[in-house]
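[1] Sequence and predicted structure are below.
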Amino acid sequence: TQLLEQSPQFLSIQEGENLTVYCNSSSVFSSLQWYRQEPGEGPVLLVTVVTGGEVKKLKRLTFQFGDARKDSSLHITAAQPGDTGLYLCAGDEGAGNMLTFGGGTRLMVKP
Amino acid sequence: EAQVTQNPRYLITVTGKKLTVTCSQNMNHEYMSWYRQDPGLGLRQIYYSMNVEVTDKGDVPEGYKVSRKEKRNFPLILESPSPNQTSLYFCASSLYRVGEQYFGPGTRLTVT
């Protein structure tokens, strides 16, 4: 059982549609990171959220950290083919020396 | 250009034949990690290092070794690879313990 559950696992949509992906846990996190990974490359950090209830925007991407710091969501407005990739969330429980990654959401945006 | 490099990018080997995957970073980061990525399981940490000569186990260390003799290099060693180690491997470095991870391009390993 993964500490961080991401849903959906797969998502295929048309260009211009909106979508939301989720990252859920029963654990509380000190901070949570979102990465995007394109084929043949390593993940690249999009954003870090650290405060319960925090909302961060990155162009058409909106990230939210749950009030209880147990969950997070990523909303994409008017998706474009360039948004295609694997989206990973990663949480820091505040103990130990590692991040815990979710299983990822694989997004495909068709032109 | 700030980057993490890994070599080789692709490797096909046979069970039991020792191999090393190299990793190097040019950002002077203290922390370096190795992850493996398997479908549906996300990234799982194999080993990490907080500084030269300081390494520790991650979530899935069995069958792997690492060393950190220089700050910039963090090789991953498989002494006797087995088919269940077939995976996509990523090296990463970071400035802080759980800060932004800078990932290398990945090494796809197949053990037959």
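    That came in fine, so what should we check first?
[2] Please list the residues of chain B that sit near chain A.
    Counting by C-beta under 8 Å from any C-beta of the partner chain, chain B comes close to chain A at B:4, B:31, B:33, B:35, B:40-45, B:48, B:50, B:56, B:58-59, B:90, B:92, B:97-98, B:100-101, B:103-106. For every residue, glycine as well, the C-beta is placed using N, CA and C.
[3] Can you tell me which of the residues you listed are buried?
    The neighbour count (16 or more other C-beta atoms under 10 Å in any protein chain shown) marks B:4, B:31, B:33, B:35, B:42-45, B:48, B:58, B:90, B:92, B:98, B:100-101, B:103-104, B:106 as buried among those.
[4] Now do the one helix or strand in chain A whose mean pLDDT sits lowest: distance to the chain's middle.
    When the helices and strands of chain A are scored by mean pLDDT, DSSP states H and E, strand A:100-101 comes last with a mean of 90. Here strand A:100-101 is found 11 Å from its chain centre; the criterion is C-alpha atoms, centre = their mean, to the nearest Å.
[5] Tell me the strands beside that strand, with direction?
    With DSSP bridges as the test, strand A:100-101 is paired with strand A:85-92 (antiparallel).
[6] hmm, back to that, now do the least confident helix or strand of chain A: everything it contacts.
    Applying C-beta atoms under 8 Å, 6 or more residues apart in numbering or on different chains, the external contacts of strand A:100-101 come out as A:3-4, A:88-93, B:35, B:42-44.
[7] Output the residues you listed in JSON lines, with distance to residue A:21 and pLDDT appended to each entry.
    As requested, the contacts of strand A:100-101 are exported to JSON lines (distance: C-beta to C-beta, whole Å; pLDDT from 0 to 100):
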{"residue": "A:3", "distance to residue A:21": "17", "pLDDT": "80"}
{"residue": "A:4", "distance to residue A:21": "12", "pLDDT": "90"}
{"residue": "A:88", "distance to residue A:21": "10", "pLDDT": "96"}
{"residue": "A:89", "distance to residue A:21": "9", "pLDDT": "96"}
{"residue": "A:90", "distance to residue A:21": "14", "pLDDT": "95"}
{"residue": "A:91", "distance to residue A:21": "15", "pLDDT": "92"}
{"residue": "A:92", "distance to residue A:21": "20", "pLDDT": "89"}
{"residue": "A:93", "distance to residue A:21": "21", "pLDDT": "80"}
{"residue": "B:35", "distance to residue A:21": "21", "pLDDT": "96"}
{"residue": "B:42", "distance to residue A:21": "13", "pLDDT": "86"}
{"residue": "B:43", "distance to residue A:21": "17", "pLDDT": "92"}
{"residue": "B:44", "distance to residue A:21": "20", "pLDDT": "93"}
